[in-house]
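Asker: A predicted structure for the sequence below; I have some questions about it.
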Amino acid sequence: MADVAQTHVGTSLPRKEDPVFLEGRGEWTDNIRLPGTVHMAVLRSPFAHARITNLDVSPAREMPGVVAAFTGRDLADEWVVGIPCGWPVTEDIRIPDHWPLARGEVNYVGDAVAVVLATDRYRARDALEAIQVDYEPLDAVVDVEAALEEGSPLVHEELGTNECYTWPLEVGDVEEAFERADVVVKERYIQQRLIPNAIEP
């Protein structure tokens, strides 16, 4: 009888990676402790649109374990430009300045207002509560179509419009294709914006 080569297809193989996790010896980004590591917490806006009338991080700086606390104005000289748009899809796209920390105005719920660095994550989070911030709420618009209507509140007033860009996508004679089609199905789809990101970078 001829020797048959060992095959792994259809065969249960012992997993080599399990023991360290089952024994609690697994390493994750979150439990790596390097000398000098600090933890960051970000204070975010509860308002969709507001002016920041007062922002004082000095009480946070006085808290135990806090290494530093910054506002957008504190770091203004650190950034030459704001966060770039990853894909300007048209030549006439309107892109507002988007700084890592807001400067004077927030433009969406969750807009970063201040940042704290501390010796552990809990002290960093606790220090956020010591930051004193006052907002003057501004009119907001939360519906994409309503945002394009005349007189709608402007998210970025300096742009003069809420329209970012119009991107026509047509190939060939679309209207003729519809006219010649045996069946035309129309439907309206609303899709949330989504950018998947890895949990463990």
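Answerer: Okay, I see it. Numbering: from 1, shown residues only.

Asker: look up how far E187 lies from V171.
Answerer: Per Cβ to Cβ, to the nearest Å, V171 is found 20 Å from E187. No exception for glycine: its C-beta is placed from N, CA and C like everyone else's.

Asker: go on, R193?
Answerer: The gap separating R193 from E187 is 20 Å, by Cβ to Cβ.

Asker: and if you look at P137?
Answerer: As judged by Cβ to Cβ, P137 and E187 stand 37 Å apart.

Asker: of those two, which one has the most company?
Answerer: Neighbours per residue (other Cβ atoms under 10 Å) separate P137 from E187, with P137 holding more: 12 against 4.

Asker: which residues does that one bridge with?
Answerer: Counting by DSSP bridges, P137 forms beta bridges with A50.

Asker: wait, isn't it in contact with I52?
Answerer: No. The pair P137 and I52 does not pass the contact test of Cβ atoms under 8 Å, sitting 11.2 Å apart.

Asker: spit out the contact partners of A112.
Answerer: A112 makes contacts with 42-45, 100-102, as judged by Cβ atoms under 8 Å, 6 or more residues apart in numbering.

Asker: low-confidence regions, the chain specifically.
Answerer: The model of the chain has pLDDT under 70 over residues 1-6, 200-201.

Asker: quick one: the helices in it, in order.
Answerer: Here the chain has its helices, by DSSP state H, at 18-22, 58-61, 121-128, 144-147, 174-180.

Asker: now for the first one, which elements pack on it?
Answerer: The contact analysis (3 or more Cβ pairs under 8 Å, 6 or more residues apart in numbering; DSSP states H and E) places helix 18-22 against no helix or strand.

Asker: residues touching that helix, excluding its own?
Answerer: Helix 18-22 is touched from outside by 25-26, with contacts defined as Cβ under 8 Å, 6+ apart.

Asker: equivalent analysis for the fourth one, please.
Answerer: Helix 144-147 is touched from outside by 141, 152, 155, 162, with contacts defined as Cβ under 8 Å, 6+ apart.

Asker: give me the number of residues near the residue nearest to the last one when sequence neighbours are not counted?
Answerer: This means N162. For N162, ignoring the flanking residues on the chain, the nearest one in space by Cβ to Cβ, 6 or more residues apart in numbering is A147 at 4.1 Å. For A147, the neighbour count with other Cβ under 10 Å is 17.

Asker: before we move on, what about V116?
Answerer: Here the number of neighbours of V116 (other Cβ under 10 Å) works out to 28.

Asker: beta partners of it?
Answerer: Bridge pairing for V116 - DSSP bridges - gives A41, A69.

Asker: before we move on, back to that, just the buried ones from the contacts of A112, in ChimeraX syntax?
Answerer: Taking 16 or more other Cβ atoms under 10 Å as the burial criterion, the selection of buried members of those in ChimeraX is written as:
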select :43,45,101,102
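
Asker: biggest separation within the contacts of A112, which pair?
Answerer: Farthest-apart pair in these is S45 and P100; separation 13.7 Å (Cβ to Cβ).

Asker: buried residues in stretch 43-57, which are they?
Answerer: Judged by neighbour count using 16+ other Cβ under 10 Å, the buried positions of stretch 43-57 are 43, 45, 47-50, 52, 55, 57.

Asker: alright, I will stop here.
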